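Participant: This is a predicted model, with the sequence first.
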Amino acid sequence: MALLRDKNTGRPATDSRGNQIKITTDGETRSREIRAERMKAKAKLHRDNAKARAKRTPEQQLEVLDERLGVGVGATKERARLYRQIEERAVKEKEAEKKQRQKESKQQKPEKEKAKGRKPRK
């Protein structure tokens, strides 16, 4: 398979959509097949990147953005979403700790009342 070249410029020839045209040994062009291969490769790359992104925490994703674009530069909507996720997680953790402390204090109250000789409250 050879790359078809423009006779005047020597550059690779392209079809109406700008795809490079290659010619097989029997003389047929394969621009559509080449485009389909390129699209499959892009789709695979996109899936791989999405899997890698899903494994990262919001903090790690912010670090990746800082490395790629610079600290606080670009991707403002993405950064805002990540900061919001970090804050929401912190609030949930605080609420969980508060519930845990309340649960523990309820368990300790009957023990204290028994020690004082009172009947435990229900």
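Facilitator: Sure thing, it's come through. Numbers count the residues shown, from 1 in each chain.
Participant: okay, CA-based contacts and neighbour counts for the rest of this
Facilitator: Noted.
Participant: can you list the domain ranges for this protein.
Facilitator: 1-55, 57-116 (automatic domain parsing).
Participant: where among the ones you listed is the average confidence lowest?
Facilitator: When the domains of the chain are compared on mean pLDDT, domain 1-55 scores lowest, with a mean of 78.
Participant: nearest spatial neighbour of the residue nearest the centre of the chain, skipping sequence neighbours?
Facilitator: In the chain, the C-alpha nearest the mean C-alpha coordinate belongs to Arg53, at 3.1 Å (C-alpha atoms, centre = their mean). Among residues not flanking Arg53 along the chain, Gln61 sits closest, at 7.4 Å (C-alpha to C-alpha, 6 or more residues apart in numbering).
Participant: The one you found and Arg79: what is the separation?
Facilitator: Gln61 is 9 Å from Arg79, where distance means C-alpha to C-alpha, to the nearest Å.
Participant: Also Arg47?
Facilitator: Taking C-alpha to C-alpha, one finds Arg47 at 22 Å from Arg79.
Participant: if you count what's nearby, which of the two comes out ahead?
Facilitator: Taking neighbours as other C-alpha atoms under 10 Å, Arg47 and Arg79 compare with Arg79 leading, 18 against 12.
Participant: neighbours of the residue nearest to the more buried one when sequence neighbours are not counted, just the number please.
Facilitator: Residue nearest to Arg79 in three dimensions, not counting chain neighbours: Leu62, with 6.9 Å by C-alpha to C-alpha, 6+ apart. As a burial measure, Leu62 scores 19 neighbours (other C-alpha under 10 Å).
Participant: Many thanks, we can stop here.
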